[in-house]
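>>> sharing a sequence plus its predicted fold:
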Amino acid sequence: MKKKLCAVALIFTFIFGTVGQSITADAATPIVTSSKELHGVWVSFMDYDSLGLANVTKAKFKKNAAAFLQTAKKNKVNAVFLQVRSFDDAIWMSKTFPASSYLSKKASASKTAAKTYTYDPLEVFLTAAKAKKIEVHAWLNPYRINQSHYLDPGLASSRSRVKKAVAELLEYDIAGIHFDDYFYHAPVGYVNTANRGNVYPIVLSSAEKCKQVNTLVKSVYKQVHQEDDMVFGISPQGNVSNDINAGADIYTWLSKKGYVDYLVPQIYWTNNYGSAGTTKMYTDRLNEFAALRKNSAKLYIGLALYRTGSSTAGDPGWRLKSNNLASQVRLLRQKKANGYILFSARYLYNAESATERSNLLKLVK
């Protein structure tokens, strides 16, 4: 049985092709219908502190989560992608994984989250989001253990560990499971969970990496779809060749059934890219991903809210223009993409992004 967040049973039906609906016993009140775009924001582990969610009491967490969600609502956000697993940890009452050190200073690798937190952060956040009619997707980094070491994607033990986290999360009233773009990316080496002291390199072809990752992806897709009201999606890098080299099989995910319900390429460049500011990098990458979509998977675009108004080396468009995001949304609509997700939550408060956000909101209903 899923954990219920209110006395009256409230079921989140997340129908494929929609962002979701909340249904009571008396009536259905759509949060986002199939005719509307997904307007999302990622809440990274790096955002916890700035949003007032780290090292606080339950009352303070609840208050600050509600305040953030109100800000999100003002920015027309209808879906939050909350990072719940960053480093083989948990921001829920897990009996398997340790608490997030970015959420609690009492976190310890030798103690589970259930024995660390005095309240369930995920459940409190979900309750606050439900009050604002905002969908919440559980965002997991599947393999990363710390900044240097990752689980070995080729091991059954690694897959079992990731699926255990997914199973625990499916007990909550979330809209779905969301993976980010870290696959075969370990800076130092890979780890066998049966022997955490054994760190080793992995030398595989891109095809072999994709095969190993796809074993997990197909398995998680099937696991998630055991719940009628859940979806599963992945947010890869915005560079297809980099994705394939790291085992993120964009070609398969966007052409065959049984892998993902949606894809969110992180297209974090402007159309004034390069030293001369003349390369239409955003459009080029958008066209590439749109052309690859051969199945019914939704295509959302990850947009770089964090770069707006900045002086980014090699991409002067962020500094030269204040309508980059608005222009990018217009273009993704032309390509029949289904919405966007902004990275990341703390930049909804950033003064440098204010004009960009204002211009974006003019396009969003």
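Great, that's in hand. Numbers count the residues shown, from 1 in each chain.

>>> surely Leu140 and Gly176 touch.
No: under the criterion of CB atoms under 8 Å, Leu140 is not in contact with Gly176, lying 11.0 Å apart. (C-beta placed from N, C-alpha, C; glycine too.)

>>> these two: who's more crowded?
A direct count of neighbours by other CB atoms under 10 Å for Leu140 and Gly176 places Gly176 higher, at 26 against 22.

>>> and the more buried one, how far from Val80?
Between Gly176 and Val80 the distance is 12 Å, computed by CB to CB, to the nearest Å.

>>> between the two, which contacts overlap?
Common contact partners of Gly176 and Val80 (CB atoms under 8 Å, 6 or more residues apart in numbering): His137.

>>> and the most far-flung residue of the chain relative to its centre, helix, strand or coil?
Distance from the C-alpha centroid of the chain peaks at Ala276, with 32.7 Å (CA atoms, centre = their mean). Classification of Ala276 using DSSP: H, G, I helix; E, B strand; the rest coil returns coil.

>>> got it, and Glu168?
helix.

>>> chain center to stretch 62-74: distance?
Relative to its chain's centre, stretch 62-74 lies at 18 Å (CA atoms, centre = their mean, to the nearest Å).

>>> kindly report the same for stretch 90-107.
The answer for stretch 90-107 is 19 Å, by CA atoms, centre = their mean.

>>> which residues touch it?
Residues contacting stretch 90-107 (CB under 8 Å, 6+ apart): 45-46, 48-49, 53-55, 82-89, 108-114, 116-117, 120-123, 164-165, 168-169, 172.

>>> out of those residues, which end up buried?
45, 48, 53-54, 82-89, 112-114, 116-117, 120-123, 165, 168-169, 172 (16 or more other CB atoms under 10 Å).

>>> in helices, which of these appear?
Members of the buried ones among the contacts of stretch 90-107 lying in helices (criterion: DSSP state H): 121-123, 165, 168-169.

>>> can you tell me the average pLDDT over stretch 104-118?
For stretch 104-118, mean pLDDT rounds to 98.

>>> for stretch 355-365, same thing?
95.

>>> next, the buried residues of that stretch.
356-357, 359-360, 364.

>>> tell me where the stretch 101-250 of the chain has strands.
Assigned by DSSP state E, counting those that start in this stretch, the stretch 101-250 of the chain shows strands spanning 135-140, 149-151, 176-179, 189-192, 195-200, 231-234.

>>> how near is Ala246 to Asn272?
Distance from Ala246 to Asn272, by CB to CB: 27 Å.

>>> ok, now Ala165?
Counting by CB to CB - Ala165 and Asn272 are separated by 40 Å.

>>> what's the weakest-modelled helix or strand in this structure?
The helix or strand of the chain with the poorest confidence is strand 20-23; it has a mean of 30 (mean pLDDT, DSSP states H and E).

>>> ends of stretch 79-99, how far apart?
One end of stretch 79-99 to the other measures 24 Å (CA to CA, to the nearest Å).

>>> from the chain's centre, how far out does that stretch sit?
The mean C-alpha position of stretch 79-99 is separated from the chain mean by 12 Å, CA atoms, centre = their mean.

>>> kind regards, and thank you for your time.
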